[in-house]
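Trainee: Sharing a model that was predicted from the sequence below.
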Amino acid sequence: MDTALAQSLHGLWGKVPMLDAAFALSASFLPYVLVTAFVAMFWGVSGGSEGSAFARRTRRLYAALGVAIAIIVAFGVIIPAIRLGYAPERPFAAFGWKPLIAMSPDAPSFPSGHATLLFLVATAMWQGNRNRGYWLFAGAALVSFARVYAGVHFPIDILCGALLGILSMLLARKALPPLHGSVYHS
(Lines give C-alpha, C1' and ligand atoms only; values in the text may rest on other atoms or scores of the structure.)
Protein backbone atom coordinates (compact mmCIF):
# COMPACT_ATOMS: atom_id res chain seq x y z
CA MET A 1 0.00 0.00 0.00
CA ASP A 2 2.87 2.36 0.85
CA THR A 3 4.49 1.79 -2.52
CA ALA A 4 1.17 1.92 -4.38
CA LEU A 5 0.27 5.31 -2.91
CA ALA A 6 3.71 6.76 -3.68
CA GLN A 7 3.48 5.52 -7.28
CA SER A 8 -0.09 6.79 -7.67
CA LEU A 9 0.92 10.27 -6.56
CA HIS A 10 3.93 10.15 -8.87
CA GLY A 11 1.51 9.38 -11.69
CA LEU A 12 -0.05 12.83 -11.13
CA TRP A 13 3.23 14.66 -11.68
CA GLY A 14 3.19 16.91 -14.73
CA LYS A 15 -0.58 16.69 -15.27
CA VAL A 16 -1.33 19.88 -13.31
CA PRO A 17 1.86 21.96 -13.13
CA MET A 18 0.34 24.37 -10.59
CA LEU A 19 -0.38 21.43 -8.28
CA ASP A 20 3.21 20.22 -8.61
CA ALA A 21 4.47 23.72 -7.83
CA ALA A 22 2.15 24.13 -4.84
CA PHE A 23 3.18 20.82 -3.30
CA ALA A 24 6.86 21.41 -4.03
CA LEU A 25 6.62 24.79 -2.30
CA SER A 26 4.70 23.27 0.62
CA ALA A 27 7.22 20.45 0.96
CA SER A 28 10.28 22.67 0.96
CA PHE A 29 9.39 26.12 2.35
CA LEU A 30 6.22 25.72 4.44
CA PRO A 31 8.14 23.94 7.25
CA TYR A 32 10.15 27.15 7.81
CA VAL A 33 6.97 29.21 7.92
CA LEU A 34 5.37 26.81 10.42
CA VAL A 35 8.37 26.72 12.75
CA THR A 36 8.62 30.53 12.63
CA ALA A 37 4.90 30.81 13.38
CA PHE A 38 5.31 28.34 16.23
CA VAL A 39 8.12 30.36 17.80
CA ALA A 40 6.13 33.59 17.49
CA MET A 41 2.94 32.04 18.90
CA PHE A 42 4.80 30.04 21.53
CA TRP A 43 6.21 33.10 23.25
CA GLY A 44 2.73 34.62 23.40
CA VAL A 45 0.96 31.48 24.62
CA SER A 46 3.43 29.81 26.94
CA GLY A 47 3.79 32.66 29.38
CA GLY A 48 0.09 33.18 29.94
CA SER A 49 -1.26 36.59 30.89
CA GLU A 50 -1.44 36.35 34.65
CA GLY A 51 1.29 36.94 37.20
CA SER A 52 4.39 39.06 37.21
CA ALA A 53 6.74 39.45 34.28
CA PHE A 54 9.13 37.10 36.08
CA ALA A 55 6.42 34.42 36.46
CA ARG A 56 5.45 34.70 32.77
CA ARG A 57 9.11 34.47 31.71
CA THR A 58 9.61 31.44 33.99
CA ARG A 59 6.58 29.68 32.44
CA ARG A 60 7.89 30.41 28.94
CA LEU A 61 11.32 29.01 29.75
CA TYR A 62 9.76 25.96 31.39
CA ALA A 63 7.64 25.29 28.30
CA ALA A 64 10.70 25.83 26.07
CA LEU A 65 12.57 23.29 28.19
CA GLY A 66 9.83 20.75 27.43
CA VAL A 67 10.18 21.39 23.69
CA ALA A 68 13.98 21.14 23.92
CA ILE A 69 13.79 17.83 25.79
CA ALA A 70 11.38 16.42 23.19
CA ILE A 71 13.63 17.52 20.32
CA ILE A 72 16.73 16.06 21.96
CA VAL A 73 15.00 12.75 22.64
CA ALA A 74 13.51 12.49 19.12
CA PHE A 75 16.47 13.75 17.07
CA GLY A 76 19.35 12.89 19.36
CA VAL A 77 18.30 9.43 20.53
CA ILE A 78 15.33 7.79 18.80
CA ILE A 79 15.83 8.73 15.14
CA PRO A 80 19.58 7.91 15.13
CA ALA A 81 18.86 4.58 16.85
CA ILE A 82 16.21 3.69 14.28
CA ARG A 83 18.43 4.67 11.38
CA LEU A 84 21.30 2.53 12.67
CA GLY A 85 19.29 -0.57 11.95
CA TYR A 86 16.81 0.58 9.32
CA ALA A 87 17.59 3.17 6.66
CA PRO A 88 15.33 2.64 3.62
CA GLU A 89 15.71 4.56 0.40
CA ARG A 90 13.51 7.47 -0.43
CA PRO A 91 10.79 6.78 -3.04
CA PHE A 92 12.49 8.78 -5.76
CA ALA A 93 15.73 6.84 -5.23
CA ALA A 94 13.95 3.49 -5.00
CA PHE A 95 12.01 4.04 -8.24
CA GLY A 96 14.54 6.12 -10.20
CA TRP A 97 12.48 9.33 -10.26
CA LYS A 98 13.74 12.89 -10.18
CA PRO A 99 12.12 14.34 -7.04
CA LEU A 100 10.03 17.50 -7.16
CA ILE A 101 12.32 19.09 -4.55
CA ALA A 102 16.08 18.97 -4.07
CA MET A 103 17.00 16.00 -1.89
CA SER A 104 19.99 13.76 -1.41
CA PRO A 105 19.24 10.17 -2.39
CA ASP A 106 21.59 9.01 0.38
CA ALA A 107 19.50 10.43 3.24
CA PRO A 108 17.34 7.76 4.87
CA SER A 109 13.61 8.37 4.63
CA PHE A 110 12.41 6.66 7.80
CA PRO A 111 11.13 8.25 9.94
CA SER A 112 10.45 11.65 8.44
CA GLY A 113 12.37 14.31 10.34
CA HIS A 114 10.07 17.01 8.98
CA ALA A 115 6.96 15.21 10.22
CA THR A 116 8.63 14.53 13.58
CA LEU A 117 9.51 18.18 14.13
CA LEU A 118 6.29 19.68 12.80
CA PHE A 119 4.01 17.36 14.76
CA LEU A 120 6.18 17.86 17.87
CA VAL A 121 5.79 21.66 17.72
CA ALA A 122 2.08 21.35 16.87
CA THR A 123 1.65 19.21 19.97
CA ALA A 124 3.57 21.73 22.07
CA MET A 125 1.35 24.54 20.80
CA TRP A 126 -1.79 22.45 21.29
CA GLN A 127 -0.82 21.94 24.94
CA GLY A 128 -0.85 25.70 25.45
CA ASN A 129 -3.55 26.81 23.02
CA ARG A 130 -5.83 24.27 21.36
CA ASN A 131 -6.95 26.53 18.47
CA ARG A 132 -3.43 27.51 17.45
CA GLY A 133 -2.32 23.92 17.89
CA TYR A 134 -4.99 22.73 15.46
CA TRP A 135 -3.69 25.20 12.86
CA LEU A 136 -0.16 23.88 13.29
CA PHE A 137 -1.42 20.29 13.03
CA ALA A 138 -3.15 21.22 9.75
CA GLY A 139 0.07 22.78 8.48
CA ALA A 140 2.08 19.73 9.55
CA ALA A 141 -0.37 17.46 7.73
CA LEU A 142 -0.13 19.59 4.57
CA VAL A 143 3.68 19.52 4.61
CA SER A 144 3.63 15.78 5.26
CA PHE A 145 1.31 15.08 2.33
CA ALA A 146 3.36 17.39 0.12
CA ARG A 147 6.54 15.47 0.96
CA VAL A 148 4.87 12.21 -0.04
CA TYR A 149 3.57 13.86 -3.22
CA ALA A 150 7.07 15.21 -3.97
CA GLY A 151 8.46 11.68 -3.83
CA VAL A 152 10.79 12.18 -0.88
CA HIS A 153 8.84 10.07 1.65
CA PHE A 154 6.63 7.03 1.78
CA PRO A 155 3.41 7.43 3.82
CA ILE A 156 4.80 5.14 6.57
CA ASP A 157 7.78 7.52 6.99
CA ILE A 158 5.34 10.36 7.63
CA LEU A 159 3.05 8.38 9.92
CA CYS A 160 5.90 7.16 12.10
CA GLY A 161 7.53 10.62 12.15
CA ALA A 162 4.24 12.22 13.21
CA LEU A 163 3.71 9.67 15.98
CA LEU A 164 7.30 10.10 17.15
CA GLY A 165 6.91 13.88 17.32
CA ILE A 166 3.63 13.73 19.21
CA LEU A 167 4.81 11.07 21.64
CA SER A 168 8.16 12.79 22.26
CA MET A 169 6.37 16.01 23.23
CA LEU A 170 3.82 14.23 25.43
CA LEU A 171 6.56 12.26 27.19
CA ALA A 172 8.66 15.40 27.71
CA ARG A 173 5.64 17.04 29.29
CA LYS A 174 5.20 14.09 31.66
CA ALA A 175 8.93 14.04 32.50
CA LEU A 176 8.93 17.61 33.76
CA PRO A 177 7.92 18.16 37.38
CA PRO A 178 4.85 20.36 37.94
CA LEU A 179 5.37 24.11 37.76
CA HIS A 180 2.47 26.03 39.25
CA GLY A 181 0.62 27.93 36.54
CA SER A 182 2.66 26.55 33.63
CA VAL A 183 1.29 25.55 30.27
CA TYR A 184 2.08 21.97 31.16
CA HIS A 185 0.46 21.72 34.58
CA SER A 186 -2.50 23.72 35.80
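Mentor: Done, it's in.
Trainee: Averaged pLDDT, stretch 68-79. What do you get?
Mentor: For stretch 68-79, the mean pLDDT works out to 95.
Trainee: How far away from the center of its chain is that stretch?
Mentor: 12 Å (C-alpha atoms, centre = their mean, to the nearest Å).
Trainee: could you say what helices and strands the lowest-mean-pLDDT helix or strand in the chain packs with?
Mentor: Taking all helices and strands of the chain together, the one with the lowest average confidence (mean pLDDT, DSSP states H and E) is helix 2-10, at a mean of 75. Packed against helix 2-10, as judged by 3 or more C-beta pairs under 8 Å, 6 or more residues apart in numbering; DSSP states H and E, are the following elements: helix 91-95, helix 130-149, helix 155-175. Every C-beta, even on glycine, is put in place using the N, C-alpha and C of the backbone.
Trainee: what's the burial count for Thr116?
Mentor: Other residues lying near Thr116 total 28 when counted by other C-beta atoms under 10 Å.
Trainee: ok so, going back, next SSE after the least confident helix or strand of the chain?
Mentor: Sequence-wise, the next helix or strand beyond helix 2-10 is helix 17-28, with elements assigned using DSSP states H and E.
Trainee: how far out from the middle of the chain is that following helix?
Mentor: Per C-alpha atoms, centre = their mean, the displacement of helix 17-28 from the mean C-alpha position of its chain is 18 Å.
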